[in-house]
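S.K.: 3D, please:
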Amino acid sequence: MTIIDVAIIGGGASGCTTAFHLAYKGKSVCILEKNNSSAERTCGGGMSAAVQKWFPFNLMSIVEEVITNVEFSWCNTDKVVAELSGDSPFWILKRENLDSFLLGQALNSGCNILTTFIVVKIIKKNSNIWQITALDGRQIEAKAVVIADGSQSQWPKTFNLGPKNLKFASTFSGRIKRKGKLRSETARFEFGLVKNGFAWAFPLKDEINIGIGTFLDSKNSIPIDKILKSFLPDLGLEPCDVTGQEKKLRIWNGHNNLSGDGILLVGDAASLCDPFLAEGLRPALMSGYEAANCLVNWLDGEINNLDNYTNNMKKNWGNSMAWGKRISQVFYRFPKVGYQLGVKRPTAPERIAQILSGEMSYEDIAKRVINRLIFQKSRS
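M.R.: Numbering: from 1, shown residues only. All right, here's what the predicted structure looks like:
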């Protein structure tokens, strides 16, 4: 059996990003994907244009809307609008188009893919080689394994990676085949209709990505119909227009080890999703880029382990998410107060917009608040 450099379990955004960068650097890599087609995948589909820096090819061909304004509301009233500025706007796309596009780039760079490969066993055959077995008996051997099979992955726990205590957002993601009254280039966030969370509407070319999320580990299911009946008419739409699905989404929950001996986690399997605004695509693409760079150095013998991957993700994403988690816990427990003192604060909408565009982090905002409090105290 031929031994490849890296086997990647999962052909979504994070897995394909990892695969592309590995293949681009001349490594032998194979994606193990349980499905055999790129069906419609409902999700928010929003990501900062800053992700472009991680790719040598242009992503604009799959971007459906460039957001220039973000509108916030409380129970469809008390609206606040923030204008996105700077060089990193917020992009909206269809998730299935992103995954398909990134897979195509990976395949064109020399990556292979095995479809209907449902992984049932991952073992270390000896000190250097991993063996991955599919439900149908197929096997592949690799020097390294990347776990990229999403929020429902069983493998992080198996290999003692990622957070021990998982935190989940309960989400509903759907799509509407018309735009109603939602303006082009405008993303909508509604905070008053959803307990411990918010609803959103993001424009596509001729459609809308719609969604609901709750972020404080609610054990109760989301009252989707009730929320949609209140939220959608303000957009000129009705609940019967929506097709979508509920799912649990792993969110960031503390600094954790994301890498082991020749194995690492990326994307949702690594619990990287923003615990405040549910942004998942940017950390998925970031983790794929960082994972590939670390694996290339490891395979080339320049480093002895994959610890740099965990350290880089902590520095570039986790430190901000630590503050995002604190903000989320306060905001969603007291949402009306949070909306009045947070979103309606003169500079707050702009700050949230800057987070979405990648210009600022939660850590930046926290430091501004702390510095402001210190300055006020020194003057008193």
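S.K.: Strands of the stretch 251-380 of the chain, start to end?
M.R.: Per DSSP state E, counting those that start in this stretch, the stretch 251-380 of the chain carries strands over the ranges 263-265.
S.K.: where are the low-confidence patches of the chain?
M.R.: Of all residues in the chain, those with pLDDT under 70 make up the ranges 38-39, 86-88, 217-219, 369-380.
S.K.: can you pull out the helices in it?
M.R.: For the chain, the helices defined by DSSP state H occupy 13-24, 95-108, 155-158, 224-231, 281-299, 307-313, 319-333, 335-338, 348-357, 362-379.
S.K.: List the buried residues in the longest one.
M.R.: Along helix 281-299, the positions that meet the burial threshold by neighbour count (16 or more other C-beta atoms under 10 Å) are 281-296, 298-299. (C-beta placed from N, C-alpha, C; glycine too.)
S.K.: helices or strands up against that helix?
M.R.: Judged by 3 or more C-beta pairs under 8 Å, 6 or more residues apart in numbering; DSSP states H and E, the packing partners of helix 281-299 are strand 3-9, helix 13-24, strand 46-48, strand 139-147, strand 263-265, helix 307-313.
S.K.: now with 6 Å?
M.R.: Judged by 3 or more C-beta pairs under 6 Å, 6 or more residues apart in numbering; DSSP states H and E, helix 281-299 is in contact with helix 13-24, strand 46-48, helix 307-313.
S.K.: Out of the ones you listed, which is the most enclosed?
M.R.: Of the helices and strands packed on helix 281-299, the one with the most neighbours on average (mean count of other C-beta atoms under 10 Å) is helix 13-24, at a mean of 29.
S.K.: what's next to that helix, contact-wise?
M.R.: Contact partners of helix 13-24, identified using C-beta atoms under 6 Å, 6 or more residues apart in numbering, comprise 6, 8, 29, 31, 98-99, 102-103, 105-106, 109-111, 146, 148, 266-267, 284-285, 287-288, 291-292.
S.K.: From the residues you listed, keep the buried residues only.
M.R.: Neighbour counting with 16+ other C-beta under 10 Å marks 6, 8, 29, 31, 98-99, 102-103, 105-106, 109, 111, 146, 148, 266-267, 284-285, 287-288, 291-292 as buried within the contacts of helix 13-24.
S.K.: Which residue, neighbours along the chain excluded, lies closest to the residue nearest to the spatial centre of the chain?
M.R.: Taking C-alpha atoms, centre = their mean, the centroid of the chain lies closest to Gly280, which sits 1.1 Å from it. Spatial nearest neighbour of Gly280, excluding adjacent residues (C-beta to C-beta, 6 or more residues apart in numbering): Cys273 at 4.3 Å.
S.K.: do the same with Cys294
M.R.: Closest to Cys294 by C-beta to C-beta, 6+ apart is Tyr309, at 4.0 Å.
S.K.: Next: Met321.
M.R.: In space, Met321 is closest to Trp252, 4.0 Å off (C-beta to C-beta, 6+ apart).
S.K.: ok, Cys43 to Ala284 distance?
M.R.: Using C-beta to C-beta, to the nearest Å, Cys43 is found at 11 Å from Ala284.
S.K.: Ala366 now?
M.R.: 24 Å.
S.K.: same question, Ser48
M.R.: Plainly put, Ser48 is 12 Å away from Ala284 if you go by C-beta to C-beta.
S.K.: And Ile62, by the same measure?
M.R.: Counting by C-beta to C-beta, the gap from Ile62 to Ala284 is 15 Å.
S.K.: now Lys226
M.R.: From Lys226 over to Ala284 the distance is 31 Å, taken as C-beta to C-beta.
S.K.: Does Lys181 touch Gly236 like I think?
M.R.: Yes: shown here, Lys181 and Gly236 form a contact pair, counting by C-beta atoms under 6 Å, at 3.7 Å.
S.K.: More neighbours: the two, which one.
M.R.: The residue with more neighbours, out of Lys181 and Gly236, is Gly236; 12 against 9, by other C-beta atoms under 10 Å.
S.K.: quick one, what contacts that one?
M.R.: Neighbouring residues of Gly236 by C-beta under 6 Å, 6+ apart: 180-181.
S.K.: do that again at 10 Å, thanks
M.R.: For Gly236, the contacting residues are 178-182, by C-beta atoms under 10 Å, 6 or more residues apart in numbering.
S.K.: ok, back up a step: number of nearby residues for the residue nearest to Met321?
M.R.: 24.
S.K.: contacting residues for it?
M.R.: By C-beta under 10 Å, 6+ apart, the neighbours of Trp252 are 163, 167, 270-276, 283, 317-318, 320-322, 324-325, 328.
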